[in-house]
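Chemist: Below are the sequence and a predicted model; questions follow.
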Amino acid sequence: MKLTLYSRYRNSAGQRVRTALNIKGIDYDYVGVGKSGDISKEDYRIVNPQGLIPTLVVDGEKVTQSTALIEFIEENFDGPSLLPDDPVARARSRAFGQVIACEMHAVGVGRMRRHLADEHDMTKDDVRRWYEHWLHDGYATLETLMRQRSAPTPFCYDEKPTVGDLYLVPQFFNSRMFEIDLSPYPLLCEIDERCRALPAFDKAMPENQPDFPGKLDGWR
Ligand SMILES: N[C@@H](CCC(=O)N[C@@H](CS)C(=O)NCC(=O)O)C(=O)O
């Protein structure tokens, strides 16, 4: 299968997919979207009419949405499984990832923040408060879930990283960049650190992408 991933160095949803591809040891071509990349945001609309990244092109067929892509990778490639063996841990790892994707990332992503400022007259401070509220709400939930595990594991629900961990690391990266206080979440901090020490996660980090412009732009 020939795989081409449209992403951007700082693309939280794309970083999940990059990590999944790396864990499985799958080769893929990378196309950077945006200013420092290979294709402009405007031209990218031809690839994905929603304009969101990532998109994975599989033998010429375009597929979007990181969660669908991670499932596609898990279902069609050998290599370490991205899911725990235990059926309940499997569902919980998926749920952990969905708290981040649906209840944290989706409500605070750039286009959402721009819309609040431009169409609802929210000041920069108001937007920041909105962003931080949903972020802390989600992190507090995830920390509680980690504390409540009857058998704690080094990664969210297994001895190895599974889907939930793929979502945590990019979200933590963004939070650190936006100077969010993560100290109330010690268990999440430990898991994030353990993941980032692994080559598959490290290779997927923003600063290790071909379109990384050399510095991060912080809150905007
Ligand atoms: N639900 C989508 C979310 C994709 C998404 O929101 N991507 C962001 C970057 S992480 C994006 O393209 N943002 C463009 C923008 O905010 O203008 C997925 O999981 O793939």
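Modeler: Thanks, I have it.
Chemist: So, low pLDDT: which residues of this structure?
Modeler: Low-confidence regions of the chain, defined by pLDDT under 70, span residues 219-220.
Chemist: how does the chain divide into domains?
Modeler: Residue ranges for the domains of the chain, per automatic domain parsing: 3-80, 87-202.
Chemist: possible to save those domains as a markdown table with distance to the ligand and mean neighbour count?
Modeler: C-beta coordinates here come from the backbone N, C-alpha and C atoms, glycine included. What follows is those, written out as a markdown table (distance: least, Cβ to the nearest ligand atom, whole Å; neighbours: other Cβ atoms under 10 Å):
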| stretch | distance to the ligand | mean neighbour count |
| --- | --- | --- |
| domain 3-80 | 3 | 18 |
| domain 87-202 | 3 | 17 |
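Chemist: Need those domains in a markdown table (columns: distance to Pro210).
Modeler: As requested, the domains of the chain are exported to a markdown table (distance: least, Cβ to Cβ, whole Å):
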| stretch | distance to Pro210 |
| --- | --- |
| domain 3-80 | 6 |
| domain 87-202 | 15 |
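Chemist: max-length helix in this protein?
Modeler: The single longest helix within the chain, with elements called by DSSP state H, is helix 124-147.
Chemist: which is the next helix or strand following it?
Modeler: Downstream of helix 124-147, the next assigned helix or strand under DSSP states H and E is helix 163-177.
Chemist: Now do the very next helix or strand once past that following helix against helix 124-147, angle only.
Modeler: Next in sequence after helix 163-177, counting helices and strands by DSSP H and E, comes helix 186-196. Angle of helix 186-196 versus helix 124-147, following axes from the mean of the first three to the mean of the last three Cα atoms, to 10 degrees, is 90 degrees.
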